[in-house]
Every structure is written in structure tokens, then in C-alpha cells.
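Student: Test case, fold it:
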Amino acid sequence: MDTRPAPAPGAFDHRIAVFDSDDGFLAAALPFLAEGLAAPDEPSPVAIAAPRKLDLLRDALGGDAGRVRCVPHTDWYTGSAANAVAQGAGYLAAHAGPGGRIRLLMEPVWGGRAGRSVRESAEWIRYEALTNLLFAPFPTTALCAYDVRVAGPAVVAAARRAHPDTDVYEDPVRLAAELDAVPLPAPPADAHRLAPPDADAVQAWAVARGLPVAEAELFATAVAETAAFLGPLTGAALLWGEPPACVCELRAARRVDDPLAGFVPPPATAPQPGQGLWYARQVCAYVDVRDDAAGAAVRLQYA
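Tutor: As a prediction, this is how the structure comes out:
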């Protein structure tokens, strides 16, 4: 019997399934997908998982396999956690039923990018937490699949705190604040100083460091978009790092004070100039925002 409290009508229903075997995966996934197949006003449910798990699903679904859209998770999660927000928003806009109604079985690539470092995993936990706010108005139901054999117990414990159907659920804003409480490494003493951070000058610096021209242009535009978002800057921009991990840090007197800054999808989710911090998050591997008594520091790392 399902004892979870029912979500409010029209609200995002964000669930987690933790398992340590193939049978455990199927025990969680099959009833969830069956809900979607039985819903008269929903499009076909979507299963986003490792290819081997998709094969298990197809075998178990039998004649219903063709009614479930199966997507290898490396085809869905192709970039950063912020890119996954854009992917989800774009898919809902194009394929969901009335108001965003659809069921998504989702397994991030914990055996790949999402699990490649503590820092990367933290960004994916942030993504899990903030989806509760970003998709709150939509009647979408997502079941996040966590295979302990792949993700590991530490990641699973953190992910449980980002899902409302657990007994350790944490307010998304508080969880994001915990992640931001981790101090960033100090900039190197020989960081290049640039005032103002003109996009052409940033691009020239990145190209001189060895970043390909097209990528240097993306990085420079991300810096310019972030500077425009922050408003008046204090001090010079700091630039350092070896390509592709070029880094720029900007400081402003104004605090950001918004954990969703740069995560709320604009009308056009594809990155384009004029999108501010959204553009930066879509283009850069990491965008770290730290508020303090002096204002805010934003650090962008291209890759």
C-alpha cells in the first residue's frame, strides 16, 4: 500500500526509488509506469535510464513496451545539472499533457559525469532539490531511480533529502544553502586582473591560454551576461585556469540572495545573449554564487 501523502492537485510529484538489485529496480519502475499507461489524460510515460535497465523494462513490459518511450540516460543527461533543467523544461513544453501532466522515470548518470567528483555530485543534488521549486506548478510526476550499486550510499543519503516522499526531506532553499556554505578555493595569486570584464578582452585572454575560439566566445559571453546580471561590479574580474577549465570570478556590491538565480527557464531555453545567469549556467560547467557581507562573488568555470 502506498502511504505517501498525496501531492496537491496540479503540483509536481517528486519521488525517489532506492534499490540494490535489478529486481528492486523493476519492482519500483513497473508500477510507476503502469500508472502512466492507465492515465487517460496523459501522454506515454518516459523511462530515462541506463541502457541495460531499459532492456530489463522492455522485457518485463512485454506488449506494453512500445507504449513507453525509453531514452538512454546518456542521451537525456548530456551536460551539466543546469543543462538538465533546460532539457526537462523543454520536454515538458513539447510533449507533456494538459498543464505539464506526464510521468518520467529518471536515472541520472551517476556512473559517469554526475558521479565523477564530490563537486559534480553536489551540483546534481542541488538540481534534485531545486526541481521541487522550479517545477512546483506542473502536474508532472517524476520517479528518480537510485541504484546503490552505482550511485553509492553517500549520494543516495544526500538525494533522499531532496525528495519530499522521504522522512529526511529538507527544504530546498536550506539544502542549497548548505551546499553554498562550502568555501571556494582562493583565487591564485597570479590570477589575471581585468577591469572592466569586456567580452572581447575575456575572449582574447581565453584564446591566448589555448581555448578554441568558438569556446572562448561562449565563455566570454557567459562572463558578460553574468556581469550584466550582477549590476555594478566592485574591483577587477579575476581570470585563471588552464583550458578548458578557464575560470572567471566577478564581485558585486549587491547580494544575489536567490537560490534559483539562473535556474528558472526563460521562454526560449536554448542559450542566447540577454539571458543573464541562465546563459552562464547553460554554457559553463560550474557557476558558483557566494553571498557575503560585502555583496556577492560569482565564479564561472567553463569546463
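Student: When you work out contacts or count neighbours from here on, use the C-alpha atoms and nothing else.
Tutor: Fine.
Student: Give the residue spans of this protein that score low on pLDDT.
Tutor: Scanning the chain for pLDDT under 70 picks out 1-10.
Student: now the strands for it?
Tutor: 13-19, 46-49, 69-72, 102-106, 140-147, 192-194, 237-240, 247-252, 286-292, 295-301 (DSSP state E).
Student: contact partners of stretch 291-303?
Tutor: With C-alpha atoms under 8 Å, 6 or more residues apart in numbering as the test, stretch 291-303 has contacts from 219, 223, 243-257, 280, 283-290.
Student: Quick check: end-to-end length of it?
Tutor: End-to-end distance of stretch 291-303 (C-alpha to C-alpha, to the nearest Å): 23 Å.
Student: could you dump the strands of the chain to a markdown table with distance to Asn83 and mean neighbour count?
Tutor: Formatted as a markdown table, the strands of the chain follow (distance: least, C-alpha to C-alpha, whole Å; neighbours: other C-alpha atoms under 10 Å):
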| stretch | distance to Asn83 | mean neighbour count |
| --- | --- | --- |
| strand 13-19 | 19 | 20 |
| strand 46-49 | 15 | 23 |
| strand 69-72 | 16 | 18 |
| strand 102-106 | 15 | 24 |
| strand 140-147 | 17 | 22 |
| strand 192-194 | 29 | 15 |
| strand 237-240 | 24 | 22 |
| strand 247-252 | 19 | 23 |
| strand 286-292 | 11 | 19 |
| strand 295-301 | 15 | 22 |
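Student: For those strands, please prepare CSV with the additional fields distance to Pro267.
Tutor: Shown next, in CSV, are the strands of the chain (distance: least, C-alpha to C-alpha, whole Å):
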stretch, distance to Pro267
strand 13-19, 23
strand 46-49, 23
strand 69-72, 25
strand 102-106, 20
strand 140-147, 19
strand 192-194, 33
strand 237-240, 30
strand 247-252, 27
strand 286-292, 21
strand 295-301, 23
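Student: Which among these is found nearest to Arg119?
Tutor: strand 286-292 (9.3 Å; C-alpha to C-alpha).
Student: Contacts only, for the closest residue to Leu130 other than its chain neighbours.
Tutor: Take Leu130 and drop its neighbours on the chain: the residue closest to it by C-alpha to C-alpha, 6 or more residues apart in numbering is Pro172, 5.8 Å away. Counting by C-alpha under 8 Å, 6+ apart, Pro172 touches Ala129, Leu130, Asn132, Leu133, Ala162.
Student: Which of those residues sits closest to Pro212?
Tutor: Leu130 (32.9 Å).
Student: do you know how far the closest one is from Ala261?
Tutor: 11 Å.
Student: These two: which has the busier surroundings?
Tutor: Leu130 (23 against 14; other C-alpha atoms under 10 Å).
Student: how about the more buried one, what does it touch?
Tutor: Pro172, Val173, Ala176, Leu260.
Student: Give me the contacts around stretch 131-146.
Tutor: By C-alpha under 8 Å, 6+ apart, the list of residues contacting stretch 131-146 reads 9-19, 25, 32, 85, 99-108, 156, 163, 172, 260, 263-264.
Student: Which one of the strands of the chain lies nearest to Thr269?
Tutor: That would be, of those and by C-alpha to C-alpha, strand 286-292, which comes in at 17.3 Å.
Student: could you give the angle of the closest one to strand 247-252?
Tutor: Orientation check (axes from the mean of the first three to the mean of the last three C-alpha atoms, to 10 degrees): strand 286-292 against strand 247-252 gives 30 degrees.
Student: Check the offset of strand 286-292 from the chain's centre.
Tutor: 15 Å (C-alpha atoms, centre = their mean, to the nearest Å).
Student: And the contacts of Leu130, which of them are buried?
Tutor: Pro172, Ala176 (16 or more other C-alpha atoms under 10 Å).
Student: Let me know the closest of the contacts of Leu130 to Gln203.
Tutor: Nearest to Gln203 among those: Leu260, at 27.6 Å, using C-alpha to C-alpha.
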